[in-house]
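*Asks:* next come a sequence and a model predicted from it.
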Amino acid sequence: MRYIVIPRGRQMPTTITIKGQVTIPKHIRDSLGLSPGSSVDFAVNDEGDVVIRKVAAGSPRAPDRFDRARGRADIKWRTDELMALLRGED
């Protein structure tokens, strides 16, 4: 595994937005070959450092807790019927 260490003075402090978003500095995006729409994976190593990796195009994502249930509903709702139910309309 290749690590790119950012030299002192090249760090870029950033602020987390209310949505939990941050800007990845350009020199890091360039080093990883990231462009708009690229998928990334975040991890925290044993030293507490955040590690960001570019996800290869077409890589399978890890299943989430909803994958087993997705597409298994046996009630076919029409959108307007479901919205009326959720809104409490008769």
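*Replies:* Perfect, thanks for sending it.
*Asks:* what about residue 30, helix or strand, and which?
*Replies:* Here residue 30, judged by DSSP states H and E, is contained in helix 26-32.
*Asks:* kindly report the same for residue 80.
*Replies:* helix 79-87.
*Asks:* please state the offset of that helix from the chain centre?
*Replies:* 30 Å (CA atoms, centre = their mean, to the nearest Å).
*Asks:* one more: stretch 62-80?
*Replies:* 21 Å.
*Asks:* may I have it as CSV, with CA atoms only?
*Replies:* Output of stretch 62-80 as CSV, limited to C-alpha atoms (Å, rounded to 0.1, in the frame of the first residue of the first chain):
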residue,chain,number,x,y,z
ALA,A,62,-20.4,-3.5,1.0
PRO,A,63,-24.0,-4.6,1.6
ASP,A,64,-25.9,-2.4,4.0
ARG,A,65,-28.6,-3.5,6.5
PHE,A,66,-31.4,-2.8,4.0
ASP,A,67,-30.1,-4.9,1.1
ARG,A,68,-31.9,-8.1,2.1
ALA,A,69,-35.2,-6.2,2.4
ARG,A,70,-34.9,-4.2,-0.8
GLY,A,71,-37.4,-5.2,-3.4
ARG,A,72,-39.3,-7.7,-1.2
ALA,A,73,-42.4,-5.8,-0.4
ASP,A,74,-45.5,-7.7,-1.4
ILE,A,75,-47.8,-4.7,-1.3
LYS,A,76,-47.6,-2.6,-4.5
TRP,A,77,-48.3,1.0,-3.6
ARG,A,78,-49.0,3.8,-6.0
THR,A,79,-47.1,6.9,-5.1
ASP,A,80,-50.3,9.0,-4.7
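*Asks:* what average pLDDT does that stretch get?
*Replies:* For stretch 62-80, the mean per-residue pLDDT is 75.
*Asks:* do the same with stretch 20-38
*Replies:* Per-residue scores along stretch 20-38 average to 88.
*Asks:* only the buried residues of it, if you could.
*Replies:* 29, 34 (16 or more other CB atoms under 10 Å). No exception for glycine: its C-beta is placed from N, CA and C like everyone else's.
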